[in-house]
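Colleague: just need the structure, nothing else, for what follows:
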Amino acid sequence: MNVPSKKRPSPYGSVKFKSVEEYHAAHPHEIQVILKELHSAIQQILPDAIELISYNMPAFKMKEILIYYAVNKNHIGLYPTPGPIIALQDELADFKTSKGAIQFPIHQALPIALIQKIVRIRLQQYFEKIEK
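Modeller: Next up is the predicted model:
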């Protein structure tokens, strides 16, 4: 018996991105501008992180992946793990969140200061973890 998969199909079909640049280039110009702004904001906080594609999304990694981001139909998803979302739940009240994800509406300006605060908390939590 063939059981249908509950896995959602990728919005990119079978495309497997090989680099962050390739991921950005696959989107319309107006989305590329947003992605460049987001990427730059994260890179300012994580200048020594390795940039890669993981789960077909751009990611920043030290010894482990610290944060991912992705374009969706109506939002930019930021995936910093649950820690920063819990720590900043009041500041994130205007955005849709889940256990490990934050959705920033695609047609609104990115809250860069808030995003950088999220990344700083994620980095702090990473350092606390590796010091144990």
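
Colleague: check the secondary structure at the residue positioned nearest the centre of the chain for me.
Modeller: By CA atoms, centre = their mean, the chain has its centre lying nearest to Tyr69, at 2.0 Å. The three-state label given to Tyr69 by DSSP: H, G, I helix; E, B strand; the rest coil is strand.

Colleague: what sits against it?
Modeller: When the contact criterion is CB atoms under 8 Å, 6 or more residues apart in numbering, the partners of Tyr69 are Leu35, Leu38, His39, Ile42, Met57, Pro58, Ala59, Ile76, Gly77, Leu78, Tyr79. Just so you know, the C-beta spots here come from the backbone N, C-alpha and C atoms, and that holds for glycine as well.

Colleague: which of those fall in helices?
Modeller: Judged by DSSP state H, the subset of these located in helices is Leu35, Leu38, His39, Ile42.

Colleague: just the strands in this protein please.
Modeller: 50-54, 57-61, 65-71, 75-79, 96-97, 102-105 (DSSP state E).

Colleague: right, and these - which one's nearest Arg120?
Modeller: Each of these has some distance to Arg120 by CB to CB; the shortest is strand 65-71, at 10.7 Å.

Colleague: who does the closest one pair up with?
Modeller: According to DSSP bridges, the neighbouring strands of strand 65-71, each with its direction, are strand 57-61 (antiparallel), strand 75-79 (antiparallel).

Colleague: can I get those strands in CSV including mean neighbour count and distance to Gln89?
Modeller: As requested, the strands paired with strand 65-71 are exported to CSV (neighbours: other CB atoms under 10 Å; distance: least, CB to CB, whole Å):
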stretch, mean neighbour count, distance to Gln89
strand 57-61, 20, 23
strand 75-79, 20, 15
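
Colleague: of all those, which one comes closest to Phe17?
Modeller: Using CB to CB as the measure, strand 57-61 is the one of the strands paired with strand 65-71 that comes nearest Phe17, at 8.2 Å.

Colleague: now the closest one and strand 50-54, what's the angle there?
Modeller: Interaxial angle, strand 57-61 versus strand 50-54 (axes from the mean of the first three to the mean of the last three CA atoms, to 10 degrees): 140 degrees.
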